[in-house]
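K.L.:
predicted model and sequence below, questions to follow.
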Amino acid sequence: MTNEELWQAVLAQIQLNISSANFATWFKNTKIISQKNSQVIVSVPNSFVKEWLEQKYNKFILKILHSLNEQIKEVKYSIGKGELKRTLLPVEETNQLEFPEFKIDKETNLNSRYTFENFIVGPFNELPQAAAWAVAKNPGFIYNPLFIYGGVGLGKTHLLQAIGNEIVKNFPEKRVRYIFSEKFTSGVVASIRNQEMERFKSKYREIDVLIIDDVQFLAGKEKTQEEFFHTFNALYEKNKQIVISSDRPPKAIPALTERLRSRFEGGMIADISYPDFETRVAILKAKSREKNIDFSDEIYNYIASNIQKNIRELEGALNRLIVYQKLNNRSPDIESAKSLLKNILYSPKRVATPKKIIQAVAEFYDLKEKDLIKNSRKREIVRPRQIAMFLLREILNSSFPFIGKKLGKKDHTTAIHSCEKIQKELENNENLEEEINLIKQRIFSG
Ligand code: ADP
Ligand code: MG
């Protein structure tokens, strides 16, 4: 096997076992640069990734490599040079493997994998699907805005992207743009800083179909909301279509300005609830068929009865069985399926707590927890403390007084200041972003 083939096989398996965000964070721009005797050397883009792969994924990577080639006994990581930064794999190879995040259109931000054709409809999502379809056929004139809400992993992004893809197909002249609401926020912040607000405004006002995902993250960001309100009005007045998703209805989004809330409520609001058992089985069957694999009904029923509230998890379980099938060239029987899925189904839910967050930050910076909490003004402590505060806010949405109290009886203004400082710095410091990602990994894997 060539270096490329080997690493592709490894990545394909890793991808099935970790979230796509993690996959992109830790495995983008990695490759095998040499296989010598029993040792494989993997090139990585920077020291954060190196540290993380060594600490967290090494065992897993080695296990996969060893299963592919018994000779391999050791993996080393080395920081690569500039040219590696650009691409993960040659394009053709990427396509074969279908790394979803690499098939995103630069102009529209749409991923062609999300379509109406592969969106399964059941009683739980019939209404939002029908509304989405109507909008895709007649953008700007039916339901405007279309606001879709529902819990995690239930198909909001899929449906939003399907609208975009369908419109691009039917109306090639229309300019469609899909964005995460956080991306909009960082755009606003960056253009204020660079005094490019006019350019930012006109960029958004030229769009024919604006699709904005996870709008609950605009909560509390007043400047962004104001800008979004103006963009919204400008588009709306010209009969441009706006599609929005959120994890909750507009009235349940805290700190949403009244005028934006009433805009959101002015069109069609449709919610996705939980799929019933039959639909869950139908989804599993459809996804298997897509991959030309079939399992016994007993297995489909087993998965569908154990995973009820999240279609992404349903897919995850199925993918694990697909890997088994590919590696062993046969379908698992129900007993092996149960044991393969044990970890997915019964792993204690990974939840963050204030204690875990503070611990992870302390560990990451090689400090004692009590140092973080002590009243030290040393820079090497102040900064980790600010990061801990930021994470308490970001992950747990803790109140500022609570955050202050947790980190050494500080005043709530200190907590606010710290969170804002880190937030601001994140806008233009990629290293900090990676640092924080690493810490989050510790929080959620520990
Ligand atoms: P959300 O944005 O609500 O968190 P996603 O749209 O990301 O959820 O969906 C999670 C996964 O489940 C995606 O891979 C998506 O393709 C799949 N999925 C969700 N709903 C359906 C559906 N009705 N039919 C087929 N696949 C679905
Ligand atoms: Mg989503």
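P.N.:
Sure thing, it's come through. Residues are numbered from 1 along each chain as shown. Ligands and ions are numbered 1, 2, ... in the order given.
K.L.:
tell me where the stretch 151-300 of the chain has strands.
P.N.:
In the stretch 151-300 of the chain, the segments counted as strands under DSSP state E, counting those that start in this stretch are 176-180, 209-213, 241-246, 268-272.
K.L.:
got the CA coordinates for the first one in PDB?
P.N.:
When you say that, I think you mean strand 176-180. Provided in PDB are the C-alpha atoms of strand 176-180 (Å, rounded to 0.1, in the frame of the first residue of the first chain):
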ATOM      1  CA  VAL A 176     -27.700  31.600  -2.800                       C
ATOM      2  CA  ARG A 177     -25.600  31.800   0.400                       C
ATOM      3  CA  TYR A 178     -25.700  29.500   3.300                       C
ATOM      4  CA  ILE A 179     -23.900  30.600   6.600                       C
ATOM      5  CA  PHE A 180     -23.700  29.700  10.200                       C
END
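K.L.:
give me the residues contacting it.
P.N.:
The contact list for strand 176-180 (Cβ atoms under 8 Å, 6 or more residues apart in numbering) reads 107-110, 160-161, 164, 167-168, 204, 207-214, 217. Glycine gets a C-beta too; all of them are placed from N, C-alpha and C.
K.L.:
show the buried residues in these.
P.N.:
108-110, 160-161, 164, 167-168, 204, 207-214, 217 (16 or more other Cβ atoms under 10 Å).
K.L.:
filter the residues you listed down to just the ones in helices.
P.N.:
The helices, defined by DSSP state H, take in 160-161, 164, 167-168, 204 from these.
K.L.:
can you name the two of those that sit furthest apart?
P.N.:
Greatest spatial distance among these (Cβ to Cβ): Gln161 and Tyr204, at 18.8 Å.
K.L.:
excluding chain neighbours, what is closest to Arg177?
P.N.:
Among residues not flanking Arg177 along the chain, Ile207 sits closest, at 5.0 Å (Cβ to Cβ, 6 or more residues apart in numbering).
K.L.:
and stretch 162-175, what's buried?
P.N.:
Within stretch 162-175, the residues scored as buried using 16+ other Cβ under 10 Å are 162-168, 171, 174.
K.L.:
meant to ask about stretch 3-23, not that
P.N.:
Buried-residue list, stretch 3-23, by 16+ other Cβ under 10 Å: 3, 6-15, 17-18, 22-23.
K.L.:
what does stretch 320-331 give?
P.N.:
Buried, per 16+ other Cβ under 10 Å, within stretch 320-331: 320-325, 331.
K.L.:
and stretch 406-417, by the same measure?
P.N.:
406-408, 410, 414-416.
K.L.:
for stretch 362-375, same thing?
P.N.:
By neighbour count with 16+ other Cβ under 10 Å, stretch 362-375 contains the buried residues 362, 364-365, 367, 371-373.
K.L.:
and whichever residue of the chain sits closest to ligand 2, how many neighbours?
P.N.:
Residue nearest to ligand 2 within the chain (Cβ to the ion): Thr157, separated by 3.2 Å. Around Thr157 there are 19 other residues, counting by other Cβ atoms under 10 Å.
K.L.:
that one - nearest residue in space that isn't next to it in sequence?
P.N.:
Once flanking residues are discounted, Thr157 sits nearest to Asp213: 5.7 Å by Cβ to Cβ, 6+ apart.
K.L.:
before we move on, back to that, inside helices: which ones of the buried residues of stretch 362-375?
P.N.:
Residues from these lying in helices, with DSSP H as the criterion: 362, 364, 371-373.
K.L.:
can you find the helix or strand of this structure with the lowest average pLDDT?
P.N.:
Lowest mean confidence among the helices and strands of the chain (mean pLDDT, DSSP states H and E): helix 91-97, at a mean of 32.
K.L.:
may I have the helix or strand following it exported as PDB, CA atoms only?
P.N.:
Later in the chain than helix 91-97, the nearest helix or strand by DSSP states H and E is helix 126-137. The C-alpha coordinates for helix 126-137 follow below in PDB (Å, rounded to 0.1, in the frame of the first residue of the first chain):
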ATOM      1  CA  GLU A 126     -43.600  16.500   7.200                       C
ATOM      2  CA  LEU A 127     -44.500  20.100   7.700                       C
ATOM      3  CA  PRO A 128     -41.000  21.600   7.700                       C
ATOM      4  CA  GLN A 129     -40.200  19.500   4.700                       C
ATOM      5  CA  ALA A 130     -43.200  20.600   2.800                       C
ATOM      6  CA  ALA A 131     -42.600  24.200   3.600                       C
ATOM      7  CA  ALA A 132     -38.900  23.900   2.600                       C
ATOM      8  CA  TRP A 133     -39.900  22.300  -0.700                       C
ATOM      9  CA  ALA A 134     -42.400  25.000  -1.400                       C
ATOM     10  CA  VAL A 135     -39.800  27.700  -0.700                       C
ATOM     11  CA  ALA A 136     -37.300  25.900  -3.000                       C
ATOM     12  CA  LYS A 137     -39.800  25.900  -5.800                       C
END
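K.L.:
and ligand 1, is helix 126-137 touching that?
P.N.:
No. Using Cβ under 6 Å from any ligand atom, helix 126-137 stays clear of ligand 1, with a minimum separation of 7.6 Å.
K.L.:
and what of stretch 116-123?
P.N.:
Yes. Looking at stretch 116-123 against ligand 1 by Cβ under 6 Å from any ligand atom, the contacts come from 118-120.
K.L.:
got TSV for those, with neighbour count, distance to ligand 2 and pLDDT too?
P.N.:
What follows is the residues of stretch 116-123 next to ligand 1, written out as TSV (neighbours: other Cβ atoms under 10 Å; distance: Cβ to the ion, whole Å; pLDDT from 0 to 100):
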residue	neighbour count	distance to ligand 2	pLDDT
Asn118	13	16	93
Phe119	18	14	96
Ile120	18	17	96
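K.L.:
I'd say Ile272 and Pro128 touch.
P.N.:
Yes. Between Ile272 and Pro128 there is a contact under Cβ atoms under 8 Å: 5.4 Å.
K.L.:
need the overlap of contacts for those two.
P.N.:
Contacts common to Ile272 and Pro128, judged by Cβ under 8 Å, 6+ apart, are 148, 150, 159.
K.L.:
show me what contacts the residue nearest to the last one when sequence neighbours are not counted?
P.N.:
The reference is to Leu159. Closest residue in space to Leu159, ignoring its immediate chain neighbours: Ala132 at 5.1 Å, by Cβ to Cβ, 6+ apart. By Cβ under 8 Å, 6+ apart, Ala132 lies in contact with 116, 146, 148, 159-160, 162-163, 243.
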